[in-house]
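whatever this is, show me its structure:
(one chain, ligands or ions: 2)
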Amino acid sequence: MKKVVVLGSTGSIGEQALEVIQAAGDELQLVGISAHSRWERACEQADAHGVERLAITDPGAAERCAAQRPAGSVLAGEAGITELIASSGTDLVLNAVTGAAGLGPTIVALSQGIDVALANKESLVIGGELVTTLAEASGASIIPVDSEHSALFQLIRSERPGTVEKLVLTASGGPFRERADLTGVTVEEALAHPTWDMGGRITIDSATLFNKGLELIEAHHLFGVPYDAIDVVVHPQSIVHSLVHLNDGASLAHLGYPDMRVPISYALHFPERADVPVPTLDLASVGSLTFEEPDLERFPCLRLAREAGEAGGTAPCVLNAADEVAVEAFLGGRIPFTAIPEVIERTLAEIPAVVPTHFEDLYAVDAEARERARSFLEGAVA
Ligand code: NDP
Ligand code: MG
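Numbering: from 1, shown residues only. Ligands and ions are numbered 1, 2, ... in the order given. As a prediction, the model looks like this:
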């Protein structure tokens, strides 16, 4: 039986992960969960899954939660996640925390040689080589949960080194793929993703194509492939989850209906596979699969992410921090949709990329980038 800790259990990925674990019977055992603010939901999950200890990162929520649970069963703050991982005897940590806050838990798990099923793409975007080097040093594996990367991971595994020439990430194109003018986009419109049902920030990031930019950087680090060998193609049906081009002219693709339980199950059961209650792909009823170039004029976030990835060092950390600030401001109705890339571009322009030597460097840059991005919000309203 594999023991699993799920971080971010109250989120979109977290809830689906618990469903997958429940369905796995004796093969997977949930030994810990973490949430940030939704502590009541976390308590329901703990009770439903027989989990004794939970970490609640928001201090106020942790206090309220601790008042309701047996002494010592609620671990508070980021240190609570560290303690949860260390004391649970877990074999695998599924990191489904959103945003830069996910980096710390990834470092904690990998440092202890614990495998990480990684939904939190920001860990690799921000942490980059420091994270992959840490995994190599400790012998822990990073198994991607992101659907495109799960697809690539599965496709690449069966190939010998040197045969994969190019990776192609597919993108749904988001809700505004066919909308010429993005001024006046409302929060509601941006939250209506055509094919995937996800948390708030990643849904907005999918509407700006920023998410695909994060995934480009994630793929670069995960598979050690240079940026010029990673393409993005828009595929509105989200049936092809990614593909690889091989040296003999063959291209391999991974297909299926868009359902995150599939890559979550793959990562949790790896190297085995388990049944997932999803319909078998019926290509005749899907009818047609279409593909088109991403429009970098209307969606500059993808260009900005590629540039930041190529610049390397702390640039992706700045990119991510600025986006988190801008997306929060957009969701709060404080800036228009089109200001998101503007805030990111201005922040990147002001903070030159340096090579981080320690994770502390990244935390410092993250804080600086957030402060700088916030200073641009006011101007962005005009
Ligand atoms: P959600 O917003 O639905 O959930 C986020 C989870 O993280 C919640 O459990 C939340 O707790 C917790 N959380 C929020 N802030 C903090 C913090 N500061 N410290 C610790 N925990 C925190 O996000 P998603 O599930 O959509 O996404 C999670 C990650 O997975 C992201 O990195 C995303 O990019 C990635 N991903 C998601 C996909 C999807 O389909 N949703 C697909 C591929 C990747 P609470 O709710 O209690 O406040
Ligand atoms: Mg994805």
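
which parts of the stretch 151-300 of the chain sit against ligand 1?
Residues of the stretch 151-300 of the chain lying near ligand 1 by Cβ under 6 Å from any ligand atom: 196, 198, 199, 200, 202, 260. Every C-beta, even on glycine, is put in place using the N, C-alpha and C of the backbone.

how about those in CSV, adding secondary structure, neighbour count and distance to ligand 2?
Shown next, in CSV, are those (DSSP: H, G, I helix; E, B strand; the rest coil; neighbours: other Cβ atoms under 10 Å; distance: Cβ to the ion, whole Å):
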residue, secondary structure, neighbour count, distance to ligand 2
196, coil, 17, 8
198, coil, 18, 9
199, coil, 17, 12
200, helix, 16, 15
202, helix, 23, 8
260, coil, 22, 9
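
in the stretch 51-200 of the chain, what residue comes closest to ligand 1?
residue 199 (2.5 Å; Cβ to the nearest ligand atom).

got a list of what that residue touches?
11, 12, 13, 98 (Cβ atoms under 8 Å, 6 or more residues apart in numbering).

now it. Nearest residue, chain neighbours left out?
Distance criterion Cβ to Cβ, 6 or more residues apart in numbering; nearest residue to residue 199, sequence neighbours excluded, is residue 12 at 4.6 Å.

quick one, strands of the stretch 51-200 of the chain?
54-56, 74-76, 92-95, 115-118, 142-144, 164-171 (DSSP state E, counting those that start in this stretch).

which one of the ones you listed is the most hemmed in?
The highest average neighbour count among these, using mean count of other Cβ atoms under 10 Å, belongs to strand 92-95 at a mean of 28.

helices or strands up against that one?
Other helices and strands packing on strand 92-95, by 3 or more Cβ pairs under 8 Å, 6 or more residues apart in numbering; DSSP states H and E, are strand 2-7, helix 12-23, helix 103-111, strand 115-118, helix 261-269.

I'd like to know which of the ones you listed is closest to residue 286.
Comparison of these against residue 286 by Cβ to Cβ identifies helix 261-269 as nearest, at 15.9 Å.

got the contact list for that closest one?
2, 4, 13, 16-17, 19-21, 24, 27-28, 92, 94, 117-119, 143-147, 150-151, 154, 256, 273-274, 276, 278.

how about the residues of the chain by ligand 2?
146, 147, 148 (Cβ under 5 Å from the ion).

mind telling me which residue of the protein is nearest ligand 2?
Per Cβ to the ion, residue 146 is where the chain lies closest to ligand 2, at 4.2 Å.

please name the residues that touch the closest residue to that residue other than its chain neighbours.
Once flanking residues are discounted, residue 146 sits nearest to residue 121: 5.6 Å by Cβ to Cβ, 6+ apart. Going by Cβ under 8 Å, 6+ apart, residue 121 touches 146, 149, 214, 215, 218.

for these, work out which two are farthest apart.
149 and 214 (10.8 Å).

quick check: residue 47 is in a helix.
Yes - secondary structure of residue 47 (DSSP: H, G, I helix; E, B strand; the rest coil): part of a helix.

distance check, it against ligand 1.
16 Å (Cβ to the nearest ligand atom, to the nearest Å).

and that residue, how far from residue 30?
12 Å (Cβ to Cβ, to the nearest Å).

the more surrounded of the two?
Neighbours per residue (other Cβ atoms under 10 Å) separate residue 47 from residue 30, with residue 30 holding more: 24 against 10.
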